[in-house]
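Peer 1: how would this look folded up:
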Amino acid sequence: MKTVLITGANKGIGFETARQLAQQGYHVYLGSRDLANGQRAVAQLQAEGLLEVEAIQLDVTQADSVQAARAEIGRKTEVLDALVNNAAITGGMPQTALGAEVAAFQEVFATNVFGVVQVTQAFIDLLRRAPQPRIVNVGSSGASLTLHSDPTWKYYHHKGAVYPASKAALHMYTIVLAYELRDTPFKVNAVDPGFTATDLNNHRGTGTVEDAAARLVKYVLVGEEGPSGKFISEENTPVTGEIPW
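Peer 2: Now for the predicted structure:
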């Protein structure tokens, strides 16, 4: 049975991704900063008949928590087939370039960038043991420098100095990670789930968690012919999927 770790998976897109991958036959390690919330999420999925799901306490901003999660999962399996770096925060709105405090940048980057780095580095040994390892970093089209420089883009006026900057940094990390793993079976991609109604945006999004999770799941399941080192946003380019960085 294939295994996957999903960070920030006790609610929203992460939770739905856990559900869909469990339906695909994966054993899901459901990462949750608060273990009780993770256990409640697991209980809900198991009540639906999805039994191959277990909660893992994982605060991506805390090195001790990441290492403890690595040790716990390492006692259960020698192989991790996929990692979905989903945990993220927005830092609140508005986020003007002149008004956002440095502390807001530090807090958001701690989760959205440094957290991804910590988790990826901690679990890379288990991922290397998989025959076709997959890493999906949850990106955002709102962090596309190209699109945000185009006045005709539909979200051109939806600017933010903090959250989009963190996701742009995550995208660069994705490019470098995919490059370093280019001669291996890894597939590493940044995938935009779309503007989805979740707690992250106070449910202002227009998309559903089901559609958003399906976009992530697609690149967990992608075969050896699939892309790596790409920025995927099917909401913006449904035909090819790829958008500019």
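
Peer 1: who's in contact with the residue nearest the centre of the chain?
Peer 2: Of all residues in the chain, the one closest to the mean position by Cα atoms, centre = their mean is Asn86, 2.5 Å from it. By Cβ atoms under 8 Å, 6 or more residues apart in numbering, Asn86 lies in contact with 6-9, 13-14, 17, 138, 216. (Each C-beta comes from the backbone N, C-alpha and C, glycine too.)

Peer 1: State the distance from the nearest residue in space to it that is not next to it in sequence to Ala63.
Peer 2: Spatially, and ignoring its direct neighbours in sequence, Asn86 is nearest to Gly14 (4.2 Å; Cβ to Cβ, 6 or more residues apart in numbering). Gly14 sits 21 Å away from Ala63 when distances are taken as Cβ to Cβ, to the nearest Å.

Peer 1: More neighbours: which of these two?
Peer 2: Neighbour count, other Cβ atoms under 10 Å: between Gly14 and Ala63, Gly14 has more, with 29 against 12.

Peer 1: Could I get the phi/psi values of that one?
Peer 2: phi -60, psi -40 (degrees, to the nearest 10).

Peer 1: who are the neighbours in contact with Thr17?
Peer 2: 6, 9, 84, 86, 213, 216-217.

Peer 1: now swap in Asn37 and tell me
Peer 2: Contacts for Asn37 were tallied using Cβ under 8 Å, 6+ apart; they are 10-11.

Peer 1: go with 6 Å
Peer 2: Asn10 (Cβ atoms under 6 Å, 6 or more residues apart in numbering).

Peer 1: which stretch of helix or strand covers it?
Peer 2: Counting by DSSP states H and E, the element that carries Asn37 is helix 35-47.

Peer 1: mean confidence for that helix?
Peer 2: Within the predicted structure, the mean pLDDT of helix 35-47 is 98.

Peer 1: buried ones in stretch 28-35?
Peer 2: Neighbour counts over stretch 28-35 (16 or more other Cβ atoms under 10 Å) mark 28-33 as buried.

Peer 1: Tell me the one among those nearest to Arg128.
Peer 2: Set against Arg128, the nearest of the buried residues of stretch 28-35 by Cβ to Cβ is Tyr29 (17.1 Å).

Peer 1: Now do the SS call for that closest one.
Peer 2: strand (DSSP: H, G, I helix; E, B strand; the rest coil).

Peer 1: How about it: what's its closest non-neighbour residue?
Peer 2: Here the residue nearest Tyr29, using Cβ to Cβ, 6+ apart, is Leu5, at 4.4 Å.

Peer 1: swap in Glu224?
Peer 2: Leaving aside its sequence neighbours, Glu224 sits nearest to Gln132 (Cβ to Cβ, 6+ apart; 6.3 Å).

Peer 1: This completes my enquiry, with thanks.
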